[in-house]
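Visitor: Pasted the sequence and its predicted model underneath.
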Amino acid sequence: MNILFFILFYFYFFLVGRGLIIILNKFKKKVIFDDSTKIFDTSILIFYPIIGMIAFSNSLFILNFFFPLKNLFVLGSITFIIFFNFFSLPRVKQNAWIYIFTLINCCILSISTYDINFQYDAGYYHLNYQNWIREFKLIFGLNNLNGAFGTSSIIDYIAAPLWIGDNLILLHYISILFIVFLINFLAYHIIFSKNTYLYFSSIFLAVYGLMDNFGVGGGRNGFFTIHGIIKPDISSGIMFYFSCVLLTYTLIKKTITQKEIIFLNFVLIFSYQLKISSALLLGFFLYVIIRLKQFRLSSLITTNLVLVIWSIKNILLTSCLVFPVDFTCLNSPWYSKQSIQGLKEVTGSFNNSYVFGNSFNLWFNNWISIDLNKITISNFLFSISLIIFMKLLFVNKKNNSSYKIYLLPLFFILSNIFIWITGAAHPRFIYGLFAYIVTVPFINSQNLKIKSITTYKNFLFIILLIFTTLLIPRLNSYKAFYQDPFKMSTIQVPVVEYQNINEDWVMPLIGDQCWINIDCIPYNKYIYEQRYFTYKSFSSGK
């Protein structure tokens with residue numbers, strides 16, 4: 001049943017994305033996109049679930065300005081988009097391989113639902129924040145209840161209406177949808193791509209994913225791995241990788257259409273909404289379109305209106321344009337210096353980030369002494385070295401060409417490493433960058449081709465990709481699937497004991513996880529509640 005329900009979940013977003021394109025065509029009174037359209041040399045069929053996810057999430061966060069997300073009208077209004085698919089039915093036979101391969105991926109990856117549980121941050125702030133936006137429209141200064149609310153991702157807006165009573169299993173489906181998208185994207189370019197960069201990067205990312213299962217400590221090289229419910233690390237990492245690849249593809253090709261600019265702009269905004277550490281993608285994007293003389297302010301104003309509204313939401317929620325960057329904050333009635341500073345210190349300390357002024361060598365020695373960090377970095381360096389060796393061994397180089405094309409990607413990589421080291425130096429926050437680094441040896445790929453090992457080499461690469469996909473769910477998931485393949489997994493929040501702080505608020509008796517109790521704050525502090533017209537506001541004091 002888990003497999004069937006995830007397939008339905010995947011195609012819900014597929015049809016939302018496709019329905020939105022049909023609405024756009026009807027609004028423009030001409031066919032702008034259809035199932036035969038290619039964007040960045042990729043069939044739009046690969047992108048429909050992501051288009052659906054972008055539309056779904058942004059509609060929800062905008063609607064939350066006026067409605068709580070538990071309101072059935074909110075979900076129903078978005079679901080209505082699906083019915084526009086009847087105006088132009090999918091041509092399944094013409095694109096049979098995409099649908100078949102998608103079903104294979106959905107079946108494999110949905111096995112992970114048979115043995116999944118909550119990640120720590122789910123109880124600390126994700127589920128609590130989701131319950132607030134389920135029960136109330138936008139609340140000013142909500143981060144004063146829990147500083148981590150200020151770092152909430154758009155993934156929380158996707159998840160909030162997907163609670164099925166007490167069962168939160170659909171929240172896990174969100175993460176594996178992004179993995180299905182990634183595998184489909186790689187498979188498409190292994191089979192069909194005429195662009196050598198997309199072709200080679202797809203093959204060797206599959207190789208990199210396979211190597212994640214071998215090495216020091218049993219493996220783990222920074223490839224996308226399934227975490228507990230619900231962290232945006234997988235979705236954010238995949239969208240970061242995808243954005244980087246499309247930007248680099250454009251840099252290599254030296255051409256981009258206005259349709260592709262608009263699509264890419266929405267993808268980059270979505271990546272930023274998933275995690276603010278993706279902000280440098282917007283700078284990369286501006287450089288590329290300015291360099292190619294494709295900068296059109298009128299089209300960018302329209303697409304970036306979503307980013308403006310997201311920024312307004314941030315200010316109302318936290319007083320900050322970018323939380324917790326203090327110089328972007330306004331001195332509003334709900335501004336809290338203590339909340340900002342406290343979150344920065346806790347995040348940096350917990351993730352062993354580098355602090356300016358301290359000895360870098362001492363920091364690095366302490367950081368690398370942590371087993372997870374040592375294992376991940378060691379295996380990543382081995383993996384990238386092996387990939388470079390495989391490139392030299394199996395890939396022919398026809399002629400020499402300029403290496404200047406590497407400069408911008410390398411500068412972008414180093415800038416992101418700097419932000420990672422000083423912000424939150426945990427391996428899970430750099431999955432997307434690691435995956436992008438794997439593609440860098442193939443940026444100058446116009447003069448490369450695979451040596452003729454066999455006429456069926458692409459078939460072998462697809463088998464390799466499927467094998468990599470099979471290894472993404474954990475062994476325990478396969479065991480649970482074998483024991484009861486027809487069960488519907490349920491995952492519920494644990495029963496937690498609380499202690500009273502005052503007549504309005506409680507806090508956990510043990511630890512700092514409030515789970516879904518919106519009367520709970522993780523630490524003892526005084527909360528002031530005010531009203532601005534019909535909106536709640538919270539500010540904090542000692």
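Guide: Here it is on my side, so go on.
Visitor: remind me, longest helix of this protein?
Guide: Counting residues, the longest helix found in the chain (DSSP state H) is helix 2-28.
Visitor: Please state the offset of that helix from the chain centre?
Guide: 19 Å (Cα atoms, centre = their mean, to the nearest Å).
Visitor: Quick check: which helices or strands does that helix pack against?
Guide: Using 3 or more Cβ pairs under 8 Å, 6 or more residues apart in numbering; DSSP states H and E, the elements in contact with helix 2-28 are helix 44-63, helix 72-79, helix 96-109, helix 170-191. Placement of C-beta: from N, CA and C, glycine included.
Visitor: repeat that with 7 Å
Guide: Packing partners of helix 2-28 (3 or more Cβ pairs under 7 Å, 6 or more residues apart in numbering; DSSP states H and E): helix 44-63, helix 96-109, helix 170-191.
Visitor: Can you spell out which helices and strands pack onto the second one?
Guide: Contacting helix 96-109 under the criterion 3+ Cβ pairs under 7 Å, 6+ apart are the following elements: helix 2-28, helix 170-191, helix 457-470.
Visitor: State the next helix or strand along the chain beyond the longest one.
Guide: This means helix 2-28. Where DSSP states H and E defines the elements, the next helix or strand beyond helix 2-28 is strand 38-39.
Visitor: Same question for the shortest one.
Guide: On the C-terminal side of helix 457-470, the nearest following helix or strand under DSSP H and E is helix 475-483.
Visitor: Direction included, what does whichever helix or strand comes after that following helix pair against?
Guide: Note on helix 475-483: by DSSP H and E, the next helix or strand toward the C-terminus is strand 498-500. Here strand 498-500 has these sheet partners by DSSP bridges: strand 506-508 (antiparallel).
Visitor: what's the average pLDDT for the strand it pairs with?
Guide: If you average the pLDDT over strand 506-508, you get 96.
Visitor: which other residues reach that strand?
Guide: With Cβ atoms under 7 Å, 6 or more residues apart in numbering as the test, strand 506-508 has contacts from 496, 498-501, 514, 519-524.
Visitor: Could you list the buried residues of it?
Guide: Residues of strand 506-508 classed as buried: 506-508 (neighbour count, 16 or more other Cβ atoms under 10 Å).
Visitor: so how far is the helix or strand just after it off the chain centroid?
Guide: Using DSSP H and E, the helix or strand that follows strand 506-508 in sequence is strand 526-532. Put simply, strand 526-532 sits 33 Å off its chain's centre (Cα atoms, centre = their mean).
Visitor: Identify each buried residue in strand 526-532, please.
Guide: Across strand 526-532, burial judged by 16+ other Cβ under 10 Å covers residue 527.
Visitor: For it, which helices and strands make contact with it?
Guide: strand 535-541.
Visitor: Helix or strand: which one has residue 256?
Guide: With DSSP H and E as the test, residue 256 turns up in no helix or strand.
Visitor: measure it to residue 144 for me?
Guide: When distance is defined by Cβ to Cβ, to the nearest Å, residue 256 is 43 Å away from residue 144.
Visitor: of these two, who's got more company?
Guide: Neighbours were counted for residue 256 and for residue 144 using other Cβ atoms under 10 Å; residue 144 has more, 27 against 19.
Visitor: Quick check, the more buried one in contact with residue 336.
Guide: Yes: with contact defined as Cβ atoms under 7 Å, residue 144 and residue 336 form a contacting pair (5.3 Å).
Visitor: got the residue ranges for the strands in the stretch 251-400 of the chain?
Guide: 395-397 (DSSP state E, counting those that start in this stretch).
Visitor: how about the helices of it, start to end?
Guide: 258-274, 280-291, 297-303, 305-318, 337-350, 360-368, 371-394 (DSSP state H, counting those that start in this stretch).
Visitor: Buried deepest among the ones you listed, which one?
Guide: Neighbour counts (mean count of other Cβ atoms under 10 Å) averaged over each of those peak at helix 258-274, with a mean of 21.
Visitor: Output that helix in CSV with nothing but the alpha carbons.
Guide: In CSV, the C-alpha atoms belonging to helix 258-274 read as follows (Å, rounded to 0.1, in the frame of the first residue of the first chain):
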residue,chain,number,x,y,z
GLN,A,258,13.4,33.9,-22.1
LYS,A,259,11.2,30.8,-21.3
GLU,A,260,14.3,29.1,-19.8
ILE,A,261,15.2,32.3,-17.8
ILE,A,262,11.8,32.4,-16.3
PHE,A,263,11.7,28.7,-15.5
LEU,A,264,15.3,28.8,-14.0
ASN,A,265,14.4,32.0,-12.0
PHE,A,266,11.5,30.2,-10.3
VAL,A,267,13.7,27.1,-9.6
LEU,A,268,16.4,29.3,-8.0
ILE,A,269,13.8,31.1,-5.8
PHE,A,270,12.4,27.8,-4.7
SER,A,271,15.9,26.6,-3.8
TYR,A,272,16.4,29.7,-1.7
GLN,A,273,13.0,29.2,0.0
LEU,A,274,14.1,25.6,0.8
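Visitor: so it versus helix 44-63, what angle?
Guide: Here the directions of helix 258-274 and helix 44-63 differ by 50 degrees (axes from the mean of the first three to the mean of the last three Cα atoms, to 10 degrees).
Visitor: if we can go back for a sec, show me the common contact partners of residue 144 and residue 336, please.
Guide: With contacts defined as Cβ under 7 Å, 6+ apart, the residues shared by residue 144 and residue 336 are 539-540.
Visitor: if I look at the closest residue to residue 5 other than its chain neighbours, how far off is residue 361?
Guide: Distances taken as Cβ to Cβ, 6 or more residues apart in numbering put residue 488 closest to residue 5, at 6.9 Å, once the chain neighbours are dropped. Distance of residue 488 to residue 361, given as Cβ to Cβ: 53 Å.
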